[in-house]
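*Asks:* structural data only, the sequence is not supplied:
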């Protein structure tokens, strides 16, 4: 059995896999010897392949019934039987209604009354067509995707200080590093195969691993230092490290002289941030901060890997600026094993951003307010383009709430679960005159839709996906789509035609050819080469270039690297007497993001079937709750109940919860306050009150365990 | 990633394999050089296709005869030397390989396959090893406590590929090898049921297992023939 050579649909690591199918059903997944995974996989990649056959799968277009209950943020539609709200329709009827509804709003209220959320799980080709549809069909830059909730802070800081938002070195460069500084990331859970390389580097090469995170993690036992900082104190912690490096003369003077600017400003600024002054703020002893700084600065090659803990913050951009300063001060960038790696969450969040699925930039990060770039895209797409930056995700939802945005096209995203203060997001969605959702299941977002277009799962399409290492990889179709499900590219094209665009793409390869024209960094990658080699890293500007796995070797895209000094800014919402705990959110190993896929996967849902949160045993005891008992979490926004686990990895005074459970959606609780520059919300930090007991939790997932026997699963 | 040309030394070692002159790269084992030459030597505790799993030389099914040496040698860890004369299919080598297979077959249940592509079954067939003449061992019960991975240690040949996969490749440090002699067995954490262990179900052990003692739960061999 040879299987279909493809890539894993889950995280940004981009593991190559072989799908073995029988009777149009995947029965086994094997790892292939890809550059990122060398045949390794994790539980999601190896066992989370069956969700596409769940009985909830959308197989026909749906249209909101004329006699459906009125739209409401609190609407709860049963994804197994949405017939009270929706009726089935033909593709023609659904597409005509979807398109005419958007067109009417555009013509009546203007292009800025429309917006689109594209998808970081879709292919490069789908992302490219999506942003092109919004820019040329809707007529504005109101297009965004979940990168806004993810690495927006990283990209803003990297673009400002270095001129490129992508990673400088692949994950596997940890094998060439002597020190890794891992901040705000928990790769054993979220990027397990990436974590395996870090573990190998510690075990085999004696890598010194320095972790900064309020929560201990699986990798902590291999760490040289784990700085268990107070939540939301990264700037204090990192400034203390910067102080030490300058104070103790550990800077790389030639590097600073030849490749950076703004050092004097940083030097002056940092005087107020001695480790002794910062220790009480971040909760790390001054000597530990100094040791971490010395270890990072003086090693032969140090790499920084960071995740949502850094960027998904009200101070996300500042946190990352500090990390960049560390690398620039010490010259720990631009060499094998020395660099900066914001580890990407979604399998194609790098690619979706590369293809311009953002309100500020065209493909290749060309700013929409740059007249030269705009002219280039006006020529390529043969139409006038909006020179004004569009709204970001959160701003779009706010504008929908305020009825300034009246129509939306959402492909694959689930803001009703993933946005902070999710009830507000649901209110915004319910306010829309016209919402078109394209997805594989009736998501919490689709509850508010007017038209639902049934889309393909990852396994049912061919396309390219760019992993966290900038590696463009080809995913190949392993299954035929069920029922009347159509290819996402086809759906986008049909919708575009109904908005008056004359699109005639024959398939993914055809779209990829246009991407090469739009994106200079990918211009050298041919479809044929991808088919032959499975993976090519960008930048690859000319055909035949090998592609550069390590960048910033001689210079930065902006020329000199910029030191951007950062001050400590009080968070919007400190714990107080009323809400004394800190709520940290994130993910768990078995469940992906909002749970749409993994909670419908038999194995994954069986391992983690119930909504759980985590607290340290001391706090649980003080609360008088046994592990496994019910607790209620209250914030200034909302209240949920969940089962609680005793977990000594969680710091005292903190509660951790993943946001994948619709029965107890953690994001109903989170704080929507935005980073002022990147507009990323501080999803990982807010005050919460924890009380024993609570409302019994209704529902058990999506009935995956009960129904996924032979009977209820769609065949 | 593929080895870069500059990383590969071109100095080779000439030796004789089954009467033919062959060349091996400096770091190659006899087994690897043989495979490149199209000579298949049995392997169970060694799985070169799964990158990162080192050879251990413990199952002894890959034994070869080296002229001038009193003992047979495991080809998966033995490197050739210049002028060495190796016989992988001599009567003595074959007899040893077959005997190892027969002894291992005595340990595992007859007529019960957990996977369709058991390497033990394939090599037994290839080397014409029939029903074992030896008495079987007492068999441990199945452990079906985990939703993803079925544990049937009756099919386990203690090759420790799963231990290496879990500890050395994925760094999860869950699978261990406990006790001695005929009591030796694979265990999870401190001999916990797998579903209660700290296993993260990466499946690296399942991919490595040569007999299906560790296999994907809920998928019968017939599902993917």
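*Replies:* Looks like it arrived, so ask away. All of these numbers come straight from a predicted model, not from anything done at the bench.

*Asks:* is it true that residue B:34 touches residue B:88?
*Replies:* Yes - contact criterion C-beta atoms under 8 Å: residue B:34 and residue B:88 qualify, at 6.2 Å. All C-beta atoms are positioned from the backbone trio N, CA, C, and that covers glycine.

*Asks:* what about whatever residue of chain A ends up closest to chain B, which SS state?
*Replies:* Nearest residue of chain A to chain B (C-beta to the nearest C-beta) works out as residue A:199 at 3.0 Å. For residue A:199, the secondary-structure state derived from DSSP: H, G, I helix; E, B strand; the rest coil is helix.

*Asks:* returning to that earlier point: find the residues that touch each one of residue B:34 and residue B:88.
*Replies:* B:17, B:41, B:75 (C-beta atoms under 8 Å, 6 or more residues apart in numbering or on different chains).

*Asks:* which of those has the most neighbours?
*Replies:* With neighbours defined as other C-beta atoms under 10 Å in any protein chain shown, the most crowded of the shared contacts of residue B:34 and residue B:88 is residue B:75; it has 31 neighbours.

*Asks:* what residues are up against that residue?
*Replies:* Residue B:75 neighbours (C-beta under 8 Å, 6+ apart): B:29, B:30, B:31, B:34, B:41, B:62, B:63, B:64, B:86, B:88.

*Asks:* measure it to chain A for me?
*Replies:* 23 Å (C-beta to the nearest C-beta, to the nearest Å).

*Asks:* turn the shared contacts of residue B:34 and residue B:88 into TSV, columns for pLDDT and secondary structure.
*Replies:* Converted to TSV, these look like this (pLDDT from 0 to 100; DSSP: H, G, I helix; E, B strand; the rest coil):
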residue	pLDDT	secondary structure
B:17	97	strand
B:41	97	coil
B:75	97	coil
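
*Asks:* which residues does the closest residue to chain A within chain B contact?
*Replies:* Proximity of chain B to chain A (C-beta to the nearest C-beta) peaks at residue B:171, 3.0 Å away. If you count contacts by C-beta under 8 Å, 6+ apart, residue B:171 has them with A:195, A:196, A:199, A:200, A:203, A:222.

*Asks:* what pLDDT is listed against it?
*Replies:* Residue B:171 carries a pLDDT value of 97.

*Asks:* helix/strand/coil for it?
*Replies:* From three-state DSSP, the assignment for residue B:171 is coil.

*Asks:* what does the longest helix seen in chain B rub up against?
*Replies:* The longest helix of chain B (DSSP state H) is helix B:91-107. Applying C-beta under 8 Å, 6+ apart, the contact partners of helix B:91-107 are B:42, B:44, B:59-65, B:72, B:87, B:120, B:123-124, B:127-129, B:131-137, B:157.

*Asks:* contacting residues for residue B:206?
*Replies:* Going by C-beta under 8 Å, 6+ apart, the list of residues near residue B:206 reads A:46, B:149, B:214, B:215, B:216.

*Asks:* show the buried residues in those residues.
*Replies:* A:46, B:149, B:214, B:215, B:216 (16 or more other C-beta atoms under 10 Å in any protein chain shown).

*Asks:* ok, and the closest non-adjacent residue to residue A:675?
*Replies:* Nearest non-adjacent residue to residue A:675, counting by C-beta to C-beta, 6 or more residues apart in numbering or on different chains: residue A:316, 4.5 Å away.
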